[in-house]
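Colleague: fold the following for me, if possible:
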Amino acid sequence: MFMRFVQIKIKPDAAVSFERFYGFRTASALRQVDGCLFAHLIQSDNAESDFISFTVWGSHEAAERFEEGGQYSELLAELDPFLEDTTEWKIRLNDDMTLDYAPVKEDPTVKGMDVVAGSIADDPLERIGEDPYVRILSFKVDPNNAREFRRLY
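Modeller: So this is what the prediction gives:
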């Protein structure tokens, strides 16, 4: 299995509308994509405008096919009215020595990881329940201690 996280920052006054739209349109569309086993929106406790779209896929390849197949871009375009404007700018000096500048729209950050626990046969919706909580740990383990780490963890 493969987990995919898309970090999304929305306009501060759009949280309720965004959650409704995501549930109605985005999550339901994701659940119809071949290989997508679970889709859910997670809101930050610390910042009302910070969200993570959390999906579980049957394989890394299924997630890649979805992202490269165009449907990811289509769904992202539908979310565009909710997304926060970026503060990044692209500035270029033209050949005639004039400045050309425009704001650069920043796409949400996408991260993914293989899952070593669980089973495709399990129904993620039943296991996670109404109020899911996700904790992500990221660290490096000395290869010489990997076996001991697995045993302890």
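Colleague: from here on, contacts and neighbour counts on C-alpha atoms
Modeller: OK.
Colleague: which residue ranges form the strands in this structure?
Modeller: Secondary structure of the chain (DSSP state E): strands at 2-9, 36-43, 50-57, 89-93, 99-103, 109-114.
Colleague: lowest average pLDDT across the ones you listed?
Modeller: Out of the strands of the chain, strand 89-93 stands lowest, with a mean of 51 (criterion: mean pLDDT).
Colleague: output the below-cut-off pLDDT ranges for the protein.
Modeller: The model of the chain has pLDDT under 70 over residues 85-139, 153.
Colleague: helices of the protein, start to end?
Modeller: For the chain, helices defined by DSSP state H occupy the ranges 15-21, 28-32, 60-68, 71-79, 124-128, 146-152.
Colleague: now do the buried residues in the fourth one.
Modeller: Right, helix 71-79. Judged by neighbour count using 16 or more other Cα atoms under 10 Å, the buried positions of helix 71-79 are 72, 75, 79.
Colleague: before we move on, what about the first one?
Modeller: Neighbour-count burial for helix 15-21 flags 15, 18-19 (criterion: 16+ other Cα under 10 Å).
Colleague: cool, and the third one?
Modeller: Of the residues in helix 60-68, those with enough neighbours to count as buried (16+ other Cα under 10 Å) are 60, 62-63, 66.
Colleague: now those in a markdown table, with distance to residue 32?
Modeller: Below are those laid out as a markdown table (distance: Cα to Cα, whole Å):
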| residue | distance to residue 32 |
| --- | --- |
| 60 | 17 |
| 62 | 12 |
| 63 | 13 |
| 66 | 11 |
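Colleague: wait, which of the residues you listed is closest to residue 47?
Modeller: residue 63 (27.6 Å; Cα to Cα).
Colleague: quick one: residues contacting that closest one.
Modeller: For residue 63, the contact set (Cα atoms under 8 Å, 6 or more residues apart in numbering) comprises 2, 4, 35-36, 57.
Colleague: do you know how far the residue lying closest to residue 67 once chain neighbours are set aside is from residue 143?
Modeller: Spatially, and ignoring its direct neighbours in sequence, residue 67 is nearest to residue 73 (7.4 Å; Cα to Cα, 6 or more residues apart in numbering). Applying Cα to Cα, to the nearest Å, the value for residue 73 to residue 143 is 39 Å.
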